[in-house]
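Q: based on what follows, work out the 3D shape:
(one chain, ligands or ions: 1)
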Amino acid sequence: MSVSVVLGDITVSHVDAIVNAANCSLLGGSGVDGAIHRAAGPELLRACQALGGCETGQAKITPAFALPCRYVIHTPGPIWRGGGHNEAALLASCYRSCLSLALEYGCRSVDFPSISTGVYGFPLPQAAHIALRELVAFDRTHEGMVLRMVCHTQEALRAYQVDWNMFYQETKPHEE
Ligand code: AR6
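A: From the prediction side, this is the model:
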């Protein structure tokens, strides 16, 4: 199993690709999006401007410029509106779209933030369940990819660990 959950800051990840929890404009924002743009430098915004936005649940890729990774995969997650507006399917689609772009670009290691669980208000337990389900399903069919959930807060880390222990305990996450 090469899916793991760690506490950290995704802007310092030395991996092939990091995922950005963006918005549909792809023109930056707060949270992890702001941190990624600050660390990547102004060229990232210029690259994003050329992309013409992105639909919720889809993903687009750019170089990573001053970041220590090779690519940034930008995906706008769903805004939580109570759960009856296709939020779960759209969030799953974010993870799948990012993984499919990562494959297309030959990435072997991808770090994800907890998409939609900050400004967009998606409840952490449900988001963690969807994220891990998608990463584990992908991992089972794609040998050799190293996938990590990089949690920025203890609260997020706990939510992902609880879900992991509940559903994947028999397949220990690899130790960091
Ligand atoms: N590394 C890893 N995770 C982080 C980092 C970091 N450096 N910084 C924050 N997080 P959010 P969203 C976590 O709000 O909910 C932006 O304005 C954070 O703790 O960044 O998808 C965009 O432009 C949380 O668990 O993204 C959009 O408009 C997670 O990243 C909107 O916010 C996601 O929180 C997207 O909202």
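Q: residue numbers of this protein in contact with the ligand?
A: With the criterion set to C-beta under 6 Å from any ligand atom, the chain comes near the ligand through 9-11, 21-23, 29-33, 35, 77, 113-120, 150, 152-153, 156. In short, each C-beta sits where N, CA and C put it, glycine included.
Q: which of those residues fall in strands?
A: In this view, the residues of the chain next to the ligand that belong to strands under DSSP state E are 21-22, 150.
Q: which residue packs closest to the residue nearest the centre of the chain, ignoring adjacent ones?
A: The centroid of the chain falls nearest to residue 112 when counting by C-alpha atoms, centre = their mean (3.0 Å). For residue 112, ignoring the flanking residues on the chain, the nearest one in space by C-beta to C-beta, 6 or more residues apart in numbering is residue 19 at 4.6 Å.
Q: surely the one you found touches residue 109?
A: No: in this structure, residue 19 is not within contact of residue 109 by C-beta atoms under 8 Å, at 11.8 Å.
Q: pick out whichever of the two has more residues nearby.
A: residue 19 (29 against 19; other C-beta atoms under 10 Å).
Q: now do the SS call for that one.
A: The three-state assignment at residue 19 reads strand, by DSSP: H, G, I helix; E, B strand; the rest coil.
Q: mind listing the residues bridging to it?
A: Following DSSP bridges, residue 19 is listed with bridge partners residue 73.
Q: what's near enough to touch it?
A: Taking C-beta atoms under 8 Å, 6 or more residues apart in numbering, we find residue 19 in contact with 10, 59, 72-75, 98, 110-113, 115.
Q: surely residue 167 touches residue 131?
A: No: counting by C-beta under 8 Å, residue 167 sits too far from residue 131 to count as a contact (11.8 Å).
Q: the two: who's more crowded?
A: The residue with more neighbours, out of residue 167 and residue 131, is residue 131; 28 against 13, by other C-beta under 10 Å.
Q: how close does that one get to residue 51?
A: 24 Å (C-beta to C-beta, to the nearest Å).
Q: what's the answer for residue 98, then?
A: Where residue 51 is concerned, residue 98 sits at a distance of 15 Å (C-beta to C-beta).
Q: now residue 104
A: Residue 104 is 15 Å from residue 51, where distance means C-beta to C-beta.
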